[in-house]
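Visitor: what's the 3D shape of this:
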Amino acid sequence: MPAFIEAVGLCKTYRVGKVEVPALRGISFSAQKGEFVSVVGPSGSGKSTLFYLLGGLTRADSGHVLIDGVDFAKLSDGERTKVRKRKIGFVFQKFNLLPTLSARSNIEIAADIAGTNGTHDEAYFARIVGLLGLEKRMNHRPSELSGGEQQRVALARALINKPAIVLADEPTGNLDSNNSEIVLSMLRHSNRELGQTVLMITHNPEAAAYGDRVIHMRDGKIVAPEEDPQWIGHH
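Guide: Have a look, this model is predicted:
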């Protein structure tokens, strides 16, 4: 079975002034369609850089990212943006909601951006909102919502177009245990119902356990679990 997401020899170095900081050092891995993969590792291990490369938000210095057999490196910026809008849903630790819009409009804007003329499956919209416990918060602006509610709105926005891939970067990083459970359960539910491929970056072993498998990163490489000091004792 061919991989749905494949990273081959990814390298990325950032330049800070005259200093070169390697973020990824030849990472290769794959994920199947419908798989839920948790990515863990200490700060600075390259997790977020991997996230940005897999989502087509930045380019690798070398190596390839293939999404459903399509090589991002061979696409123009415009073509890459089109794939990103139509196939990938993003959930960030910072909610990135538009402050002047209601919760409903913040969710619906994803359909506008994807080029579906603002249309979406209204029954699916209602079900997501219901599962996330947001029915009574749809007319509220972000400033009127708690942090947990804002993250749930951001998750609904990521899911509304039924993307084939969901990339979640520390989606529970700022949340209490109750909101974390709601967000993680929704990711798992959506993964199973729609066969979505989910990659989730997390520092939290309990959150990582929602995945089908866990990838450990350290110093820009994928390592064995026993090489990740933050993880020892959590199993």
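Visitor: by contact count, what packs against the lengthiest helix in the chain?
Guide: Criterion DSSP state H: the longest helix present in the chain is helix 177-194. In this structure, helix 177-194 packs against strand 36-40, helix 122-131, helix 147-159, strand 165-169, strand 197-201, with contacts taken as 3 or more C-beta pairs under 8 Å, 6 or more residues apart in numbering; DSSP states H and E. To be clear about C-beta, it is placed using only N, CA and C from the backbone, and glycine gets the same treatment.
Visitor: list the buried ones in that helix?
Guide: Neighbour-count burial for helix 177-194 flags 179, 180, 182, 183, 184, 186, 187, 188, 190, 191 (criterion: 16 or more other C-beta atoms under 10 Å).
Visitor: go on, stretch 94-110?
Guide: Judged by neighbour count using 16+ other C-beta under 10 Å, the buried positions of stretch 94-110 are 95, 97, 102, 103, 104, 106, 107, 108, 109, 110.
Visitor: Kindly report the same for stretch 167-179.
Guide: In stretch 167-179, counting by 16+ other C-beta under 10 Å, buried: 167, 168, 169, 170, 171, 172, 173, 175, 179.
Visitor: what does that stretch rub up against?
Guide: Stretch 167-179 has contacts (C-beta atoms under 8 Å, 6 or more residues apart in numbering) with 47-48, 51, 54-55, 88-93, 147-149, 151-152, 155, 158, 180, 183-184, 187, 198-204, 207.
Visitor: okay, the helices and strands packed on helix 177-194, which one's buried deepest?
Guide: With neighbours taken as mean count of other C-beta atoms under 10 Å, those reach their highest mean count in strand 197-201, at a mean of 26.
Visitor: Count the residues that sit near the nearest residue to residue 224 once chain neighbours are set aside.
Guide: What sits nearest to residue 224 in space, not counting adjacent residues and going by C-beta to C-beta, 6 or more residues apart in numbering, is residue 216, at 6.9 Å. Residue neighbour count, defined by other C-beta atoms under 10 Å, stands at 22 for residue 216.
Visitor: So residue 216: helix, strand or coil?
Guide: strand (DSSP: H, G, I helix; E, B strand; the rest coil).
Visitor: Hmm, it is touching residue 222, no?
Guide: Yes - in this structure residue 216 lies within contact range of residue 222 using C-beta atoms under 8 Å: 6.7 Å.
Visitor: Pick out the residue nearest the middle of this protein.
Guide: Closest residue to the average C-alpha location of the chain: residue 167 at 1.7 Å, with C-alpha atoms, centre = their mean.
Visitor: so that residue bridges to which residues?
Guide: With DSSP bridges as the criterion, residue 167 is bridged to residue 90, residue 199.
Visitor: just checking, residue 9 touches residue 65?
Guide: No - using C-beta under 8 Å, residue 9 makes no contact with residue 65, being 10.4 Å away.
Visitor: With neighbour numbers in mind, choose between these two.
Guide: Legend: neighbour count by other C-beta under 10 Å for residue 9 and residue 65, higher for residue 65 (22 against 13).
Visitor: and the closest residue in space to the more buried one that isn't next to it in sequence, what are its phi and psi?
Guide: The spatial neighbour of residue 65 that comes closest, neighbours along the chain excluded (C-beta to C-beta, 6+ apart), is residue 72 at 4.4 Å. Main-chain dihedrals, residue 72, degrees, to the nearest 10: phi -60, psi -40.
Visitor: what residues are up against residue 72?
Guide: Contact analysis of residue 72 by C-beta under 8 Å, 6+ apart lists 56, 59, 64, 65, 66, 80, 83.
Visitor: This completes my enquiry, with thanks.
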